[in-house]
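> the sequence and its predicted three-dimensional model are supplied below.
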Amino acid sequence: MKELKRLFPYLIKYKQKLLLGFLFVTISNLSSTYVPRIVGGAIDTISKGDFTMEYILLEIAKIITLVFFSGFFMFWTRRTIIVSSREIEYDLRYDMFNSIKDRSSSFYHRNPTGNLMAYATNDIPSAREFLGPAIMYSANTITTFGFALYFMFSLEPTIALVGLIPLPIVAYVTYFIGKKIHIAFKDVQSQFADLTTQAQESISGVRVVRAYTREAFESFRFASLSKDYLMKNLKLARLEAFMMPLLMVLVGLSQLSVLAYGGYLVIEGKSTLGDLTQFFIYLELLIWPVAAIGWITNLVQRGAASASRLGKLMDEESEITNTEDVDEKLMINSGEIIFKNVSHRYDSNLPFVIQDINLSIPNGTTLGIVGSVGSGKTSLINLIPRLFDAVNGKIVIDGLDIKEYSLNSLRSGIGVVSQNTFLFSDTIENNIKFARPDATLEEIINVSKKCKLHDEVLTFQEGYNTVLGERGITLSGGQKQRVAIARALLRNPKILILDDSLSAVDTSTEDFILRELKEYMKDRTTIIISHRISSLKHADNIIVLDHGKIVEQGNHENLIELKGKYSEIYNLQQIEHEIEEL
């Protein structure tokens, strides 16, 4: 199957272990298929009465020895092939994670978290079952069939042919039902992805669900998707359940055929009782390999479906990549940023969210950005670290197009605190030093003090070792934002971007942080996005965005004098502040 070609490089990597596994399974099955020859010969000798106790004990010793060799080498077959499949599973998980961690933001817009989790929890294990059990039992089936058929035809070709009559039917049944299993399993995997996506969203958004008393609705949605998943699994199970009994019936027909025809030859004196006994033992040896054909087919079809899904995910080219001649050693030095005729939209069918932006942000200055919801503020700053690439125009940092920097060096020189603060389920210390794992506690405390966070951390019993809940649920909204700001400062970036990251702190705390940032970023570039004019009024330059365009620009005093949109926002906020004080 062409879908399975995606897994071949992993097989090649472990070819030595796999080849050893094939050698071991060959020795194991050669030993087990030679046992009937000894049994048949012993039965013929005993039936003639020409035997001694020493002869019987010797034949028993031979059988025990062959059985021991068969079991011993089957153990090593599993130690090589199955262990290799587990190592390949590790490689698959590693490669999958690496393939998605560097993707652009648009990739995650198209692939929900639950869907990506389904690849890791369902598709990779299915691929492993093909790479391990399916390969091992395929080798077992082929070698058992090969040796058994050789010994059967060397005994009596006609009996062997009679016993093998049902095999073409076995091949057809396997092919016909296998195709249906392949389609059914792809449906199951797709439905599982939908189910995990819905579950992940409901659990992550449990506060919203409870706030709007939508528990019953979410339960109904989950039950509906689970029901669909159940029905598709039952359809798959019916196909798999039908295959195994049918194969066993065909094996039973082989035994009946051998008994009828072989018994006739024994009566006619054209064959011996020992030969007929051997045929029955060989047919018994073939029961599992024949039954395994159906199981192997299931595993192969499952593996093919999963390999196809994994291939599409892992082979998808990232929209944001390094250029071919990028200099990995090139780093941001001062942080001067220039936008030249920059326009951007997220899809060719959608309107522009950024239009004809021309803007200069000198090193050591602070730019403030204000505008209504949907005016393009976040879209604009997302273009700087290349979370998206501008459709038109270019962005220059330190005189060079940002595409001349490697993604790693570009982003390592930029500290971003997004409006949607994300914290890990880890300690406060580890959340802050995520930006710099080698940072000392003294450095962490230093940036925490700049964010007016240190004293509050000390109120926790475990201090900086306090473990936060999922997404930092232990902390308040303002504390989360300050942990995120401390994390960005610890990186010591040449460019600091704060995207509405002071919205959850009070005015006095905001003023303290901004004063500290002004000193900290003296020789660097700072961009602050905020709805609060109080966060921006001390910026060197302020731009007002409206529908992706710069409609006003200047410092606080100049923009107030313009009596335009900025002045309108400022006056409105002043009135709100006065009302709050009253």
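Looks like it arrived, so ask away. Residues are numbered from 1 along each chain as shown.
> C-alpha only now, for contacts and for neighbours.
Noted.
> poorly predicted segments of the stretch 451-582 of the chain, please.
Within the stretch 451-582 of the chain, the ranges that satisfy pLDDT under 70 run 469-472, 577, 580-582.
> quick one, helices of it?
When secondary structure is read from DSSP state H, counting those that start in this stretch, the stretch 451-582 of the chain shows helices at 454-458, 477-490, 507-520, 556-562, 565-581.
> quick check: chain neighbours aside, which residue is closest to Leu545?
Sequence neighbours aside, Gly371 is the residue nearest to Leu545 in space, at 4.9 Å (criterion: Cα to Cα, 6 or more residues apart in numbering).
> before we move on, back to that, adding mean neighbour count, write the helices of the stretch 451-582 of the chain out as a markdown table.
Converted to a markdown table, these look like this (neighbours: other Cα atoms under 10 Å):
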| stretch | mean neighbour count |
| --- | --- |
| helix 454-458 | 15 |
| helix 477-490 | 24 |
| helix 507-520 | 15 |
| helix 556-562 | 16 |
| helix 565-581 | 14 |
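> ok, back up a step: need the contact list for the residue nearest to Leu545.
Shown in contact with Gly371 (Cα atoms under 8 Å, 6 or more residues apart in numbering): 377, 531, 544-546.
> columns neighbour count on top of the residues you listed, output as JSON lines?
Shown next, in JSON lines, are those (neighbours: other Cα under 10 Å):
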{"residue": "Lys377", "neighbour count": "26"}
{"residue": "His531", "neighbour count": "19"}
{"residue": "Val544", "neighbour count": "22"}
{"residue": "Leu545", "neighbour count": "25"}
{"residue": "Asp546", "neighbour count": "21"}
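> okay, and which of the residues you listed map to strands?
Secondary structure assignment (DSSP state E) places 544-546 from those within strands.
> of those residues, closest to Tyr405?
For those, the minimum distance to Tyr405 (Cα to Cα) is 27.8 Å, reached by Leu545.
> the closest one contacts Ser379, correct?
No: Leu545 is beyond contact range of Ser379, at 11.2 Å (criterion: Cα atoms under 8 Å).
> what's the local residue count around Thr158?
Neighbour count of Thr158, defined by other Cα atoms under 10 Å: 14.
> specify the local secondary structure of it.
Three-state call for Thr158 (DSSP: H, G, I helix; E, B strand; the rest coil): helix.
> please, which helix or strand holds the closest residue to Thr272 other than its chain neighbours?
If the residues on either side of it in the chain are set aside, Thr272 comes closest to Val266, at 5.5 Å by Cα to Cα, 6+ apart. Assigned by DSSP states H and E, Val266 belongs to helix 215-267.
> now do the next helix or strand after that helix against helix 215-267, angle only.
Next along the chain after helix 215-267, taking DSSP H and E as the criterion, comes helix 273-315. Helix 273-315 runs at 150 degrees relative to helix 215-267, counting by axes from the mean of the first three to the mean of the last three Cα atoms, to 10 degrees.
> after helix 273-315, next one along is what?
Counting by DSSP H and E, what follows helix 273-315 is strand 337-344.
> quick revisit: could you dump the ones in strands among the contacts of Gly371 to TSV with distance to Asp500?
Listed next are the ones in strands among the contacts of Gly371 as TSV, based on distance: Cα to Cα, whole Å:
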residue	distance to Asp500
Val544	14
Leu545	14
Asp546	17
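> from those residues, which is closest to Lys101?
Set against Lys101, the nearest of the ones in strands among the contacts of Gly371 by Cα to Cα is Leu545 (31.5 Å).
> report the beta-bridge partners for the closest one.
Going by DSSP bridges, Leu545 is paired in beta bridges with Gly371, Ile550.
> going forward, count from 364.
All right, first residue 364 from here; so that's Leu908.
> list the contacts of it.
The contact partners of Leu908, taken as Cα under 8 Å, 6+ apart, are 732-735, 738-740, 914-915.
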